[in-house]
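Q: Take a look and give me a structure for this.
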Amino acid sequence: MDSSKRPFFGPWIIACCFITFGLSTGFPYYNIAFFFDYFRDGHSWTQVLVTTGAPIAVLLTIWIGPVIVPKVSPRKLILIGTFMTFLSFQWFGRLGGSEYEYYAAWCLYMVGYFLSGPIPHQIIISNWYGRRRGMAMGITYVGVAVVGALCNKLAPFLTRHSIDSSEAPGWLRFLIETLTSNTGDYTDAIQLLSFLMVIAWPLAFFVIRDRPEDKGQLADGGPEDAAQAAAPEDSDQAPEKSFGNLARRGPFWLLLVGSAFSIGSIAAVNFLMKFVYEEQGFTEQGARDQIWADASSTYLLSSILGRLIAGWLSDRLPRKYVMLATYAIVALAIPLLFLVTPEQPNMVYLFAIVFGFAMGADYMLIPLMAADQFGLRSLGKAMSAILPSDTITQFWTPRVIAMLAARVAGYGQALWAVAGLAALGAVAIALLPKNPRR
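A: All right, here's what the predicted structure looks like:
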């Protein structure tokens, strides 16, 4: 059949990236913290040590993105990166007592994240879609929330039956005995979860293609659409700015600091939430596992609504105000954690819905605001500095807050520092010019 008459393959690309992005990013990032208290108790480690693995790993591996990613096919990156994630979770499930082995497993995980996470999926979707790129990217990002939320329920289920397999279904007992070390503790669940990565491999190998030309097609399904897709960038007449030029501008530093502070505060909640619940009265392991699962799955699903509404508003209102409102909601949502106690467990849904809504909008607004402030032609240079700073803050803030909680004897005070950090992020965004290029 003439390639021009074939149905556009783009929807299949979105569907596959929805799954592979969810598996490569949503599953590991939003579920590894479930095991933090198990790591602490199983190895007699401190909370500070448990939260130190990720920040050390990000400093050692952050070069992976700019050095390797541009030189390798995006779908091959997904294959390699998800295999690295598989190996890292196998390692997490077979750890000895050495903290350095723990840090090394985190480095392996972080390599997998940088290779198979946002970057290759953004490249593939951008290649296949131009005029409809925003909607395609939005659907793909929903996969992170959906897969992450599903695994939020799966991780406690597997852990409970790994520890006590007497009540486990027959198929699960077979998987535990066949695919894991069968130690009868939480490590079996981690090893089982690693096999979710297998789902991504046939999709990346057989279905996903880096660009429409690989299928004899054009972006958006036709030359007319492709031409229209190029129009918005061509119409941006702002000249490309050097990094030195950006660094001399106040808005660049305001956006860099504001996004880093807000993302850091969100990551502190994601990574430390289980320890907070323990301090607030959920001392029994099963109850703590359940309240964590309810909170995490709810705020991930709420983040979908936040992403969609923020995207809709950002096309109709000044993006500065949309971003400012989002960052303010993050700061206001964090103290709601104090309301979640064994006496009022349902308050977890109030916290999770508000927090998740703001979290979903937060991540997607950063490149949109950078394009507004510096122009499309300078977006790459701006994000090449903003993304690494966001990533470093994302993984270091939980460690700093855990250390602060150890010093002040609890998260009751440390969480106010997290809320304050988010508020400072909102202040930085409030100081951005509304119409920077007029």
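Q: what's around the residue lying closest to residue 102 once chain neighbours are set aside, how many residues?
A: Spatial nearest neighbour of residue 102, excluding adjacent residues (CB to CB, 6 or more residues apart in numbering): residue 53 at 5.3 Å. Every residue, glycine included, has its C-beta placed from N, CA and C. Neighbour count of residue 53, defined by other CB atoms under 10 Å: 25.
Q: From residue 45, how far out is residue 53?
A: Distance, residue 53 to residue 45, using CB to CB, to the nearest Å: 10 Å.
Q: same thing with residue 52?
A: From residue 52 across to residue 45, the span is 9 Å (CB to CB).
Q: ok, these two, which is more surrounded?
A: Neighbours were counted for residue 52 and for residue 45 using other CB under 10 Å; residue 52 has more, 22 against 18.
Q: Pretty sure that one sits against residue 399.
A: Yes. Counting by CB atoms under 8 Å, residue 52 does reach residue 399; the two are 5.4 Å apart.
Q: so which strand or helix has residue 307?
A: Secondary-structure assignment from DSSP states H and E places residue 307 in helix 285-314.
Q: Which elements pack onto that helix?
A: Counting by 3 or more CB pairs under 8 Å, 6 or more residues apart in numbering; DSSP states H and E, the packing neighbours recorded for helix 285-314 are helix 133-163, helix 250-279, helix 319-333, helix 347-374.
Q: can you redo these as CSV with distance to residue 28 and mean pLDDT?
A: Shown next, in CSV, are the helices and strands packed on helix 285-314 (distance: least, CB to CB, whole Å; pLDDT from 0 to 100):
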stretch, distance to residue 28, mean pLDDT
helix 133-163, 9, 91
helix 250-279, 12, 93
helix 319-333, 23, 89
helix 347-374, 16, 84
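Q: Residue 426 is nearest to which of these?
A: Proximity to residue 426 (CB to CB) singles out helix 319-333 among these, at 3.8 Å.
Q: quick check: angle from that closest one to helix 347-374?
A: With axes from the mean of the first three to the mean of the last three CA atoms, to 10 degrees defining the directions, helix 319-333 sits at 150 degrees from helix 347-374.
Q: returning to what we had before: for residue 113, find the nearest of the helices and strands packed on helix 285-314.
A: Here helix 133-163 is closest among those (CB to CB), at 12.0 Å.
Q: Contacts for the next helix or strand after that closest one, please.
A: Counting by DSSP H and E, the next helix or strand C-terminal to helix 133-163 is helix 170-179. Helix 170-179 is contacted by residues 158, 161, 162, 165, 168, 182, 188, 191, 192, 195 when judged by CB atoms under 8 Å, 6 or more residues apart in numbering.
Q: Just name the closest of those to residue 299, please.
A: Distances from residue 299 to those, taken by CB to CB, are shortest for residue 158, at 21.1 Å.
Q: can you pull the contacts of that closest one?
A: 172, 188, 189, 192, 193 are the contacts of residue 158 under CB under 8 Å, 6+ apart.
Q: Just give me the neighbour total for the residue lying closest to residue 298 once chain neighbours are set aside.
A: Nearest residue to residue 298 in three dimensions, chain neighbours excluded: residue 352, at 3.7 Å (CB to CB, 6+ apart). Using other CB under 10 Å, the number of residues around residue 352 comes to 26.
Q: And residue 352, how far from residue 27?
A: From residue 352 to residue 27 the distance is 19 Å (CB to CB).
Q: Then residue 362?
A: Taking CB to CB, one finds residue 362 at 20 Å from residue 27.
Q: got it, and residue 61?
A: Distance from residue 61 to residue 27, counting by CB to CB: 19 Å.
Q: who's more crowded, these two?
A: Neighbour count, other CB under 10 Å: between residue 61 and residue 27, residue 27 has more, with 27 against 19.
Q: quick one: contacts for the more buried one?
A: Counting by CB under 8 Å, 6+ apart, residue 27 has contacts 147, 148, 151, 193, 196.
Q: And the residues you listed, which is closest to residue 220?
A: residue 147 (26.3 Å).
Q: Not counting sequence-adjacent ones, nearest residue to the closest one?
A: Residue 147's closest residue in space is residue 22 (CB to CB, 6+ apart), at 2.8 Å.
Q: my read: that neighbour touches residue 148, true?
A: Yes. Contact criterion CB under 8 Å: residue 22 and residue 148 qualify, at 6.8 Å.
Q: Of those two, which one has the most company?
A: Ranked by neighbour count (other CB under 10 Å), residue 22 and residue 148 place residue 22 first, with 27 against 24.
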